[in-house]
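Visitor: only geometry, no sequence info:
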C-alpha cells in the first residue's frame, strides 16, 4: 500500500520527487545489437527477431487490405461507436490547433512569417499483448492525418500465429492507415529508423512501448531520427483537499496503477482525513480489479504526502512535473496560473484521467519521468515543421542593411556583409 | 570550385542529396569520457578541460557583473545600434508567436484547451574563437525571455587569459543574461546537463558549436536532457532562373561557404547561363574574402545543378531539405505551396541569407543535414511546453462516459473503466 509522508521538509522533497533510476548499460547493449542487426540484415533480422521474441515464424510481415478489412467484422458495434465518438473529439481538438500564418513587418519593408508543413513520413508503434492500445492509434494517427503526413506506417507485434488484435486493425483503418507491419520491440523501431526491404524508413517515430521500444527510440535519435519524446513509466499526481471525494480519488489512482508495476502515483493533500479515507477506499477497490497484482506492486512505489497548504502542493507538483495532474480541490480554476510543469491537467471532480486517455479529445501521449519540465505532449505540432519565411524590399534592405553589415563584420564574416552591400549598391536611395 | 551537374536523372538524386557521412565512433568515445568526467568530478573536470582545450588555467569560471558591464564599454556605438535594431526585430517576430489559449468544447460539457508555460531552466552555448557568434545570443536569449524562462545561463569558451569577446558579453547583458560561465566544448554541455558545484543543470540546452558540442548535445538526450535540435554543417540551397542576378547569387553562396570548410551550398537552376555567370562571379568575389581558403574548400563540396524546370528544382529542394532556401526566381510567391521541407526561406532578389542570420527578425538556429524533414528551427515554441487542460461537467461525463468505459474494457483496463463508472453512478440523470 502507499506510503504516507507527513509534512516533509523542503530539503526532503528532492528525494521524494526522484524517479527510480534504472541502470541502462545492459539494455543499451542489447538494443545496439538489435539496431545494428536490422540495419545490416534488413528483413532477415526482422524475421529472426519476430520468431525469437514473439514466436511468429513467417516471412509475411505486411498485412493485406483484406486482413485489415476483415478485422472490422469482429469489433462490436458498441466499441465501434465508442471509437467513433473518441475519434470525433480528438479530431475536433487537434484540428483547432491548426495555425494560420500571420505576416509581421518587423521593420518597414521586412516581412516575416511562419508556415506549417507536414512531416512527410512518420511511423507509429503500437504495443500488442495484454493491453492492446488501439486508443494510442487514435492519438497518433488523427493528428498525423490532420497535419497532412503523406506516409503513415504502423508497426505492432504479432501473436505466435501472426494475429493482431482486431480493434487495433479496425482503428488503424478508420484513421486511414493501410500500411501495417507485424513487428514489435526495438526491431520495429530499427526498421522504421533505417528501413528494410519491406519496411520504409520514416523521419519521425511515435508511440508507447516497453523499455526496449522507448530506449530504442531514444537511441535512434543519435542517427538523426526524430521521436515524439523520451518516455518512462506512466504516472499521476493528484492534488486534493478536505472536500475531495475519496472514492473518486482512489479510482483515479488505481487507474494509473493498473498500467504497470513500475507506474507511480502521488497523492498530495492538505487534509489527512482525505488521505486516510482515500487509502481505505483503495484497499476496497483494488481487490475487485483483474489487474490487482500489478496495481498493488505499483502502489508500493507510490506515496501520499500531507502538506501544509494547497499552495505547497502546487510547489511540489511543479518540481515533480507529473505526466497527469488531477486537481480535485475547491476553486481549482484560481490555481491554474501556478502550474508550471505537467503533461495534461484534469480539473474538478468529474475530469478523470480515463477521459483524457480515451475520449475527451486531448492527447494521451504525454511526457513522463519529469520530462514535462522540458517537453510537451503530442499535439498537431508534433507532426509538422514550422518554416520561417522572409521577404525584403528596397525600403527594408535600406532599413536593416547597414546594421547587418556591422554585425557581420564584428563576427568576422565578411562574405555575409558582402551579400548585403552588393545589393545596397544597386538600390538608388542609398 | 563548384561541380556543375547537368540534368541528372532522378535516380541520381539520392546520391546528390546525401550529406557526407562521418564515422562518429571515435568522437563518441571521447565525448562519453568527457561527459562521465564532468558528471563524476564536477568543477574539477571543468578546470582540467578548460586548461587542456582552451589553455585557460584558473578556477574562476563565472563572470562577475562588473566584468560583464565593463565589456559594454569596448563595443562601438555603431555595433550597439546594429545589435539594438536586430534585437528589436527578433523581439517583434518572436513575440508575435505567443499563442492565446482557445477553449474547445469537443462534446457538450467537455472543455479542452492548451496553455503554454516557459521551460524554467535553459542553457545556451555560444562558441568563441575566430567568429564570436554574439548574434546567436540574440536568437536564443530573446525568445527565452519572451517565453518567461526563469533561469537562463550561458557557457562560452574562454581565451587563454580567460577573456571573452566583449560583443558576446554586451549582447548577453542586453538580453538580461547575467549568469555566464567560461567553459566551452563538450564539457560545457556536460556541465549544463548534469550540473557541477558552480554550474547549475538545466532542462534544455540550445546553441551552435563544433562537432564536439553538437554531438555532446545529442548524447545528453539519452539522459533525458532536451536540446534545440541535432545539427550538422551549415548549408544553403538557392533556386534561380534566367533572370536571377549572378552577383547576388554568388555573394549568397559565398556567405554560406565562409562558415566552415564543411559547409555545403547547392545552386539549382533551369538556366545554364545563370549557373555559368554565377560561377564566374564566385571566382571574382571569393578572392576578396579574408576567409577565402575556408570558402574555397567549402565550394569544393558544393554543386550547381541544372534541372529541366523550376518545378523540378522544388522537387529536388524538398528531397534535400535545406537549412536555408533562397528563391531568386520570377513569380516566387506562386511556388510557396510547393515547399515541403526547409529551415528558413528567403524570397526574392533582396532577401539575402545574411538578413535572417542577423536582423530581419526570424531565427537563425535552423535544422541542417536534412533534419528539416522532421525538425523546425528555434522559435518561441522551443522555450515553452504546451500543457493540455480539460474540464468535464455532469453533462459531459454523461456524453462520453459510456464510451470511455467500452474502450477501457476492450483494452483490458478495468480500473480505467471504474474511474468513470463510479462517477456516473453519482450523477442523477443516468
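Guide: Happy to help now that I have it. Here the structure is a predicted model, which is why all the values come from computation and not from measurement. Numbering: from 1, shown residues only, chains lettered A, B, ... in the order given.

Visitor: Up against chain B, what does the stretch 101-250 of chain A have?
Guide: A:102, A:104, A:106-107, A:110, A:112, A:114-115, A:117-121, A:130-135, A:167, A:203-204, A:218-219, A:221-222, A:224-226, A:230, A:247-248 (Cβ under 8 Å from any Cβ of the partner chain). Bear in mind the C-beta positions are built from the backbone N, C-alpha and C, glycine included.

Visitor: Got a ChimeraX select line for the buried ones in those residues?
Guide: ChimeraX command restricting these to the buried ones, with burial defined by 16 or more other Cβ atoms under 10 Å in any protein chain shown:
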select /A:104,106,107,110,112,114,115,117,118,119,120,121,131,132,133,134,135,167,203,204,218,219,221,222,224,225,226,230,247,248
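
Visitor: So which of the residues of the stretch 101-250 of chain A next to chain B belong to helices?
Guide: Mapping these onto helices (DSSP state H) picks out A:134, A:135, A:167, A:218, A:219, A:247, A:248.

Visitor: In space, what's closest to the third one - neighbours in sequence excluded?
Guide: Nearest residue to residue A:167, sequence neighbours excluded (Cβ to Cβ, 6 or more residues apart in numbering or on different chains): residue A:134, at 4.3 Å.

Visitor: And the second one, by the same measure?
Guide: In space, residue A:135 comes closest to residue A:358 once its chain neighbours are excluded; the distance is 5.3 Å by Cβ to Cβ, 6+ apart.

Visitor: In contact with that neighbour, which residues?
Guide: Shown in contact with residue A:358 (Cβ atoms under 8 Å, 6 or more residues apart in numbering or on different chains): A:82, A:86, A:135, A:364, B:403, B:404, B:407, B:408, B:416.

Visitor: Report how many residues lie close to the first one.
Guide: Same thing as residue A:82. 24 (other Cβ atoms under 10 Å in any protein chain shown).

Visitor: Which strand or helix spans it?
Guide: In this assignment (DSSP states H and E), residue A:82 forms part of helix A:77-95.

Visitor: anything in that helix near chain B?
Guide: Yes. Legend: contact between helix A:77-95 and chain B by Cβ under 8 Å from any Cβ is shown at A:78, A:79, A:81, A:82, A:83, A:85, A:86, A:88, A:89, A:90, A:92, A:93.

Visitor: Just send the contacts of residue A:358 back as a markdown table, with distance to residue A:396 too.
Guide: Formatted as a markdown table, the contacts of residue A:358 follow (distance: Cβ to Cβ, whole Å):
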| residue | distance to residue A:396 |
| --- | --- |
| A:82 | 55 |
| A:86 | 48 |
| A:135 | 50 |
| A:364 | 45 |
| B:403 | 54 |
| B:404 | 54 |
| B:407 | 54 |
| B:408 | 57 |
| B:416 | 56 |
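
Visitor: Out of these, which comes closest to residue B:379?
Guide: residue A:364 (25.5 Å; Cβ to Cβ).

Visitor: What number of residues are in the vicinity of that closest one?
Guide: Residues within reach of residue A:364, counting by other Cβ under 10 Å, total 28.

Visitor: just for the stretch 51-200 of chain A, where's the confidence low?
Guide: A:130-131 (pLDDT under 70).

Visitor: what ranges do the strands span in it?
Guide: A:104-107, A:110-118, A:121-125, A:151-156, A:179-182 (DSSP state E, counting those that start in this stretch).

Visitor: what does the stretch 251-400 of chain A give?
Guide: A:264-269, A:303-306, A:324-328, A:344-347, A:384-392.

Visitor: that's a helix at residue A:238, yeah?
Guide: No. Residue A:238: not assigned to a helix; according to DSSP: H, G, I helix; E, B strand; the rest coil it is strand.

Visitor: what is it paired to in the beta sheet?
Guide: Under the criterion DSSP bridges, residue A:238 forms beta bridges with residue A:267, residue A:326.

Visitor: do you know how far it is from chain B?
Guide: Distance, residue A:238 to chain B, using Cβ to the nearest Cβ, to the nearest Å: 11 Å.

Visitor: do the same with residue A:337
Guide: Applying Cβ to the nearest Cβ to residue A:337 and chain B gives a distance of 9 Å.

Visitor: Any buried residues in stretch A:137-151, and which?
Guide: Applying 16+ other Cβ under 10 Å to stretch A:137-151 flags A:137, A:138, A:139, A:140, A:141, A:142, A:143, A:144, A:145, A:146, A:147, A:149 as buried.

Visitor: if we can go back for a sec, for the ones in helices among the residues of the stretch 101-250 of chain A next to chain B, work out which two are farthest apart.
Guide: With Cβ to Cβ as the measure, no two of those lie farther apart than A:219 and A:247, at 42.9 Å.

Visitor: Which strands or helices does the helix holding residue A:82 pack on?
Guide: On a contact count with 3 or more Cβ pairs under 8 Å, 6 or more residues apart in numbering or on different chains; DSSP states H and E, helix A:77-95 meets helix A:134-147, helix A:166-174, strand B:104-107, helix B:394-410.

Visitor: Nearest to residue A:270, out of the ones you listed?
Guide: helix B:394-410 (26.4 Å).

Visitor: ok, and what's touching that closest one?
Guide: A:78-79, A:81-83, A:85-86, A:89, A:132, A:134-135, A:167, A:350, A:354-355, A:357-360, B:107-111, B:392, B:414, B:416-417, B:420-421, B:423-424, B:427-430.
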